[in-house]
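> Kindly return the folded structure for what I paste below:
(one chain, ligands or ions: 1)
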Amino acid sequence: MSSQTRKFPDGFLWGGAVAANQLEGAYQEDGKGLSTADVSPNGIMSPPDFSMTQFNLYHEGIDFYHKYKEDIALFADMGFKAFRFSIAWTRIFPNGDDQEPNEKGLQFYDDMIDELRRHNIEPVVTISHYEMPVGLVKNYGGWKNRQVVNFYEKFARTIFTRYKDKVRFWMTFNEINVLLHAPFTGGGLLFEDGQKNEQDIYQAAHHQFVASALAVKAGHEIIPVSQIGCMIASMITYPYSSRPDDMFAALTQDRKTLFFSDVQSRGYYPTYMSNYFIENNIDIKMENGDLELLQENTVDYIGFSYYMSFVASTAPEHEAAKTAGNLFEGVKNPYLQASEWGWQIDPKGLRTVCNQLYDRYQKPLFIVENGLGAVDKVEEDGTINDDYRIEYLREHIKEMKNAIGDGVEIMGYTSWGPIDLVSASTAELKKRYGFIYVDRDSQGQGSNERIKKKSFDWYKQIIATNGEDL
Ligand code: BGP
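Next up, the predicted model:
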C-alpha cells in the first residue's frame, strides 16, 4: 500500500485516556459523594462491599486530584494533543439526586481543564465512566429505574453549561456494552438471587440509550460546535474454524457489542435484538417519544476501546481451553500471544475492527483506549525499560495507520493509562499501562513519585512526527 494514503491527518488527536475513579483518589474530599467504584474494592467484575471494610485502592488512586498540574505538565512534555478523562458524577452531584451541584467539584474540573488548555491539550470528556452515585443504587435501584435518566440528564446539562467554552469532545457512557457483563459497574444493578437478570439489564440499557440521546440533544443545543460520541468496548470475535456454526457463533457474540453502537449510532433497535427480546420474554418499557428521541439524536462519532480479540467455537472440546479476558472468557486463539493477564494480543484485529465499524456506520472513529497492562521493573539505575509496551503500541499504531489507508476516518488515538493507574478489572496497581511510572503498589505503599519510562520518549517521537516515525 502506498504511503500516500497511509498518513495520519493533520490535527490527529494523539494523547492518553484515564477515568476519574482510577486515578483521582481524594474520594471524600471537597464534598464528593460515594460512587460505585468506592464500594468495589476488587474491581468491576466482583460484587460490591457496601460496608467498606476491605482495603480499596481506588480511594487514594494515584492522587491525581492533587497532582494533576505535575501530571499534565508531563503529558504536555510528550506533546499530547488530547487528554481523555471522566468527570466523577459524585463530585458534581454527591448523591445523584441533589438539587444543586457541588461548586467545589465543578471548580476542580474547571481548573483541570484550564491547565490542559494552557498546554494546548484538547480535553475529551467521558460523562460517565464506570461509576455512579451509590445514592442512586441504594435509593433508586440503579439504571433500571427511569428516574435515573433525569438525574443523568441534569448532570450532563450542568457540565455542558459549565464547560461550554472549553470542551468540544464528549462521550456519553464509557464502554456502554459492559453493562451486559458487569451490571453493577455498568448500571448500578444488584440482583436479589445473585443471578444476572436480562430483563433488568436490557431495561437499564434502554434507559442509558434514552439518557445518551438526551445528552446528545442537550450538548448540541448548549455547545453548537460539540461532537458527542458513544463509546463501546470493541470485542471482535473470530470463528475458531470455517465451520458455519462457528461463524454464526462469532456473529452472534459480536452483536452483543454492536447492539449498543447500533442503537446509539443508527438511532433504532435492530430487529435481531427486538426478536431476541420476544424470544426471551424480555419486555422493555418505553415512554412515548423514546423512539423518536433515539432516532433524532444519534452520536457524531464512534469511540471505542481495543485491547484484544476473541474466538468463538461451538466445538465441545474447546470448553476446557478458555482464556481470560477482561470481561468474559473465550477460546484461545492458537495464532496469538497473550499478555500476563491473558489478554490476547492482536494488532491486526484493530485494523479489522476499524474497517467493520466504519463500514457499518460511516461515522468517524475515535480510538479512545488501547494499551498493554504489564508488570514494570525499576532498574537499579532508576530506568524502566518497557520495550514490550513499545512493541505492543507500535504494532497497533501501524495497523491503525493501515486502516486509514483502507479509507477509514479516524479522529484520534488516546492510549489507555498514559500514567499508571488503578486497574478496572482487578483493582490493582501491579498492572501498569503508563508511559509514566507511579511509585505506588497494590497495597497503596510507595512515594507516589512519577518516573518516565522508556516508552515516554518513544511516544513523544510518535506524536512529534504525527505517526510517521514508527
Ligand atoms: C477498559 C476500561 C478502563 C480500563 C481498561 C483497562 O475496559 O474502560 O477503565 O481500566 O479497560 O482495563 P484494566 O484496568 O482492567 O486492565
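
> Can you classify the closest residue to residue 222 other than its chain neighbours as helix, strand or coil?
Among residues not flanking residue 222 along the chain, residue 160 sits closest, at 4.3 Å (Cβ to Cβ, 6 or more residues apart in numbering). For every residue, glycine as well, the C-beta is placed using N, CA and C. When classified by DSSP: H, G, I helix; E, B strand; the rest coil, residue 160 comes out as helix.

> Could you pull up the residues touching residue 160?
170, 215, 218-219, 222-223, 226 (Cβ atoms under 8 Å, 6 or more residues apart in numbering).

> Among those residues, find me the one that's closest to the ligand.
Of all these, the ligand sits closest to residue 170, with 15.9 Å by Cβ to the nearest ligand atom.

> pretty sure residue 268 contacts residue 295?
Yes - assessed by Cβ atoms under 8 Å, residue 268 is found in contact with residue 295 at 6.1 Å.

> Intersect the contacts of residue 160 with the contacts of the ligand.
Filtering these for proximity to the ligand by Cβ under 6 Å from any ligand atom leaves nothing.

> quick one: the residue nearest to residue 222 and residue 282, what's the gap?
For residue 160, the distance to residue 282 (Cβ to Cβ, to the nearest Å) stands at 33 Å.

> ditto for residue 434
41 Å.

> Likewise for residue 344?
31 Å.

> Looking at those two now, which is surrounded by more residues?
Of the pair residue 344 and residue 282, residue 344 is the one with more neighbours under other Cβ atoms under 10 Å, namely 22 against 17.

> Once you drop chain neighbours, what's closest to residue 343?
Per Cβ to Cβ, 6+ apart, closest to residue 343 is residue 308, 4.4 Å.

> That neighbour sits in which helix or strand?
For residue 308, there is no helix or strand it lies in under DSSP states H and E.

> can I assume it is in contact with residue 349?
Yes - here residue 308 lies in contact with residue 349, judged by Cβ under 8 Å, at a distance of 7.4 Å.

> What ranges does the stretch 101-250 of the chain have for its strands?
122-128, 169-173, 227-233, 237-239 (DSSP state E, counting those that start in this stretch).

> Can you name every helix or strand that the last one contacts?
The elements that strand 237-239 packs onto, with contact taken as 3 or more Cβ pairs under 8 Å, 6 or more residues apart in numbering; DSSP states H and E, are helix 244-261, strand 310-312.

> Could you do the second one as well?
In terms of contact count using 3+ Cβ pairs under 8 Å, 6+ apart, strand 169-173 is assigned the packing partners strand 122-128, helix 198-222, strand 227-233.

> most tightly surrounded among these?
Stretch with highest mean neighbour count among the helices and strands packed on strand 169-173: strand 227-233 (a mean of 25; mean count of other Cβ atoms under 10 Å).

> Remind me what it packs against, helices and strands.
Partner elements for strand 227-233 (3+ Cβ pairs under 8 Å, 6+ apart): strand 169-173, helix 198-222, helix 244-261, strand 301-305.

> would you list every one of the helices in the stretch 251-400 of the chain?
Using DSSP state H, counting those that start in this stretch, the helices of the stretch 251-400 of the chain run over 271-279, 290-296, 347-361, 387-405.

> Report the residue spans of the stretch 51-200 of the chain with pLDDT below the cut-off.
In the predicted model of the stretch 51-200 of the chain, no residue satisfies pLDDT under 70.

> before we move on, back to that, got any residues that touch both of residue 268 and residue 295?
Overlap of the contact sets of residue 268 and residue 295 (by Cβ under 8 Å, 6+ apart) is empty.

> Give me every residue in the stretch 51-200 of the chain that's in contact range of the ligand.
When proximity is defined as Cβ under 6 Å from any ligand atom, the stretch 51-200 of the chain approaches the ligand at 130, 174-175.

> how about 8 Å then?
Proximity of the stretch 51-200 of the chain to the ligand, by Cβ under 8 Å from any ligand atom, involves residues 129-130, 174-175, 178.

> who wins for neighbours among these?
residue 175 (31 neighbours).

> For that residue, give me its contacts.
Each residue near residue 175 by Cβ under 8 Å, 6+ apart is listed here: 130, 186, 231-233, 305.

> Same question for residue 360.
Neighbouring residues of residue 360 by Cβ under 8 Å, 6+ apart: 258, 261-262.

> For the closest residue to residue 203 other than its chain neighbours, give its distance to the ligand.
Nearest residue to residue 203, sequence neighbours excluded (Cβ to Cβ, 6+ apart): residue 144, at 5.1 Å. According to Cβ to the nearest ligand atom, to the nearest Å, residue 144 and the ligand sit 22 Å apart.

> wait, residue 144 sits on residue 187?
Yes - using Cβ under 8 Å, residue 144 is in contact with residue 187, at 7.1 Å.

> quick one on the thing from earlier: which one of the helices and strands packed on strand 237-239 lies nearest to residue 405?
helix 244-261 (23.2 Å; Cβ to Cβ).

> Show me what that closest one is in contact with.
In contact with helix 244-261 (Cβ under 8 Å, 6+ apart) are residues 176-177, 180, 205, 230, 232-240, 270, 272-273, 302, 304, 310-315, 357, 360-361.

> Which among these count as buried?
Buried subset of the contacts of helix 244-261 (neighbour count, 16 or more other Cβ atoms under 10 Å): 176-177, 180, 205, 230, 232-240, 273, 302, 304, 310-314, 357, 361.

> Considering the contacts of residue 175, which is situated nearest to residue 106?
Of these, the one sitting nearest to residue 106 (Cβ to Cβ) turns out to be residue 130, at 20.9 Å.

> got a list of what that closest one touches?
Shown in contact with residue 130 (Cβ under 8 Å, 6+ apart): 19, 21, 36-37, 44, 174-175, 178, 185-186, 424.

> If we use 7 Å, what do you get?
19, 21, 37, 44, 174, 185, 424 (Cβ atoms under 7 Å, 6 or more residues apart in numbering).

> Show me where the stretch 251-400 of the chain dips below the pLDDT cut-off.
Along the stretch 251-400 of the chain, the parts satisfying pLDDT under 70 run over 319-329.

> which parts of stretch 69-86 are buried?
71-72, 74-76, 78-86.

> For the residues you listed, work out which two are farthest apart.
The widest separation within the buried residues of stretch 69-86 (Cβ to Cβ) is 22.7 Å, between 79 and 86.

> And stretch 263-278, end to end?
Taking Cα to Cα, to the nearest Å, the first and last residues of stretch 263-278 lie 18 Å apart.

> how about that stretch: buried residues?
So stretch 263-278, judged by 16+ other Cβ under 10 Å, has buried residues 263-267, 269, 273, 276.

> how many other residues sit next to residue 6?
Residue 6: 17 neighbours (other Cβ under 10 Å).

> what do you get for residue 255?
Quick note: residue 255 (other Cβ under 10 Å) scores 16 neighbours.

> Likewise for residue 25?
Close neighbours of residue 25, defined as other Cβ under 10 Å, add up to 23.

> Check residue 463 too.
With other Cβ under 10 Å as criterion, residue 463 counts 18.

> Same check on residue 470?
Residue 470 has 13 nearby residues by other Cβ under 10 Å.

> measure it to residue 422 for me?
From residue 470 to residue 422 the distance is 30 Å (Cβ to Cβ).

> cool, residue 170 as well?
For residue 170, the distance to residue 422 equals 24 Å [Cβ to Cβ].

> Might you report the residue contacts of the nearest residue to residue 373 once chain neighbours are set aside?
If the residues on either side of it in the chain are set aside, residue 373 comes closest to residue 431, at 4.1 Å by Cβ to Cβ, 6+ apart. Shown in contact with residue 431 (Cβ under 7 Å, 6+ apart): 341, 373, 423.
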